[in-house]
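K.L.:
Based on what follows, work out the 3D shape:
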Amino acid sequence: KIDIRNLTRLELRQWLQEQSEIDSKIQPYRADQIFYWLYRRQVQDFSEMANIGKATRDILETRFRMDELQRDKVQRSRDGSLKYRLLLDDEKAVETVLMPHSDHHTVCVSSQVGCGMGCDFCMTGKMGLVRNLEVSEIVNQVLEAWKDLPEGASLRNIVFMGMGEPFHNYQNVMRALEIFTDVHGFNYSQRRITVSTSGLIPQIRRFGKERIKANLAVSLNGVNDSVRSELMPVNKVYNLEKLVEACREYPLESRKRITFEYILIRNLTDSLEDARDLIRLLHGLKFKVNLIPFNE
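P.N.:
Next up is the predicted model:
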């Protein structure tokens, strides 16, 4: 059995279509209702899907399962943020963070166990890449964080800024985005989802052509190639000139901007001259900068 949350609604509809040719009681349009139960009502058992016929529920039970991620550890920050260490089926673990704001919450999800990018300032990079997450393992992080929302609070934003390089797990990240934005599923606005990359230029170009127009964030962290290469090995393949050029060519909808994440490391990336160089580097782009103090 596979986790049913690995399927997009169109994939589930196609599967039901194939089953309907064997049993006429099974109807493809039920995929819309199943998605409603999975992501609006967040049920954990097929028997709870009240308006789905028994024949359909029986075959769903036979072919699919519904997993929940197991909480191994939860840490609470002074600002009320919750960081979860979540166990997967194979006993590997990922981290997810639920962050409160004045009128909404944001969830930060992981896309891989570990990461192969080897950025010097990042603890996940020290692990190396263990494996990609399945679609269901990405989606289930959001469902897990949802359980801790205060009464009446909304989970408004999803950011792919946890463990891993999302564009190294491109296909599964895109299918998760399809589920997040599906009107029958979570029904998130594309403007409320951000995917962060360390700067993989071919995937940035591919992402800009996708039907789902999530926000793009780029982990920059240096204003010249020598500093950025010291911090981020990816810069030796895709240097700053190439990266900024790809961002300049990136198709942006009106009012949208690329976010550049910039880590402040004392005496390396935090001088006033660095600030001036950053402005010069990004001149002419529609952008905003997210300044991140280095956290040991």
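K.L.:
Need the per-residue pLDDT for the closest residue to Lys209 other than its chain neighbours.
P.N.:
The spatially closest residue to Lys209, leaving aside those adjacent along the chain, is Pro251, at 7.6 Å (C-beta to C-beta, 6 or more residues apart in numbering). (Each C-beta comes from the backbone N, C-alpha and C, glycine too.) Pro251 carries a pLDDT value of 96.
K.L.:
What does Pro251 show for phi and psi?
P.N.:
Per-residue torsions, Pro251: phi -80, psi 120 (degrees, to the nearest 10).
K.L.:
pretty sure it contacts Phe207?
P.N.:
No - Pro251 is not in contact with Phe207 according to C-beta atoms under 8 Å; the separation is 9.9 Å.
K.L.:
between these two, who's got more neighbours?
P.N.:
Counted by other C-beta atoms under 10 Å, Pro251 and Phe207 do not tie: Phe207 has more neighbours, with 23 against 10.
K.L.:
For that one, which non-adjacent residue is closest in space?
P.N.:
Leu216 (6.5 Å).
K.L.:
separation between the one you found and His184?
P.N.:
Separation of Leu216 from His184 (C-beta to C-beta, to the nearest Å): 26 Å.
K.L.:
between these two, who's got more neighbours?
P.N.:
Leu216 (20 against 16).
K.L.:
quick one, what contacts Arg71?
P.N.:
84-87, 144 (C-beta atoms under 8 Å, 6 or more residues apart in numbering).
K.L.:
got a markdown table for the residues you listed, with secondary structure, pLDDT and distance to Glu178 too?
P.N.:
Converted to a markdown table, the contacts of Arg71 look like this (DSSP: H, G, I helix; E, B strand; the rest coil; pLDDT from 0 to 100; distance: C-beta to C-beta, whole Å):
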| residue | secondary structure | pLDDT | distance to Glu178 |
| --- | --- | --- | --- |
| Tyr84 | strand | 98 | 24 |
| Arg85 | strand | 98 | 27 |
| Leu86 | strand | 98 | 22 |
| Leu87 | strand | 98 | 26 |
| Glu144 | helix | 96 | 20 |
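K.L.:
Closest one of the residues you listed to Leu282?
P.N.:
Leu282 lies nearest to Tyr84 out of the contacts of Arg71, by C-beta to C-beta, at 33.9 Å.
K.L.:
is it true that that closest one touches Ala93?
P.N.:
No - the criterion here is C-beta under 8 Å, and Tyr84 misses it with Ala93 at 9.6 Å.
K.L.:
These two: who's more crowded?
P.N.:
Tyr84 (21 against 18).
K.L.:
What about the nearest residue in space to that one that is not next to it in sequence, how many residues nearby?
P.N.:
Computed as C-beta to C-beta, 6+ apart, the closest residue to Tyr84 that is not its neighbour in sequence is Thr96, at 4.7 Å. Neighbour count for Thr96, taken as other C-beta under 10 Å: 24.
K.L.:
Against Asp32, how distant is Gln14?
P.N.:
Gln14 is 13 Å from Asp32, by C-beta to C-beta.
K.L.:
Sorry, wrong one. I was asking about Ala145.
P.N.:
25 Å.
K.L.:
Looking only at neighbour counts, state which of these two leads.
P.N.:
Regarding Ala145 and Asp32, a neighbour count based on other C-beta under 10 Å identifies Ala145 as having more, with 23 against 15.
K.L.:
wouldn't Ile158 be in contact with Val107 here?
P.N.:
Yes - counting by C-beta under 8 Å, Ile158 touches Val107, with 5.6 Å between them.
K.L.:
all helices in the stretch 51-200 of the chain, in order from the N-terminus.
P.N.:
With helices called from DSSP state H, counting those that start in this stretch, the stretch 51-200 of the chain shows them at 54-63, 123-127, 135-146, 170-181.
K.L.:
Any regions of this protein where pLDDT drops low?
P.N.:
Within the chain, no stretch has pLDDT under 70.
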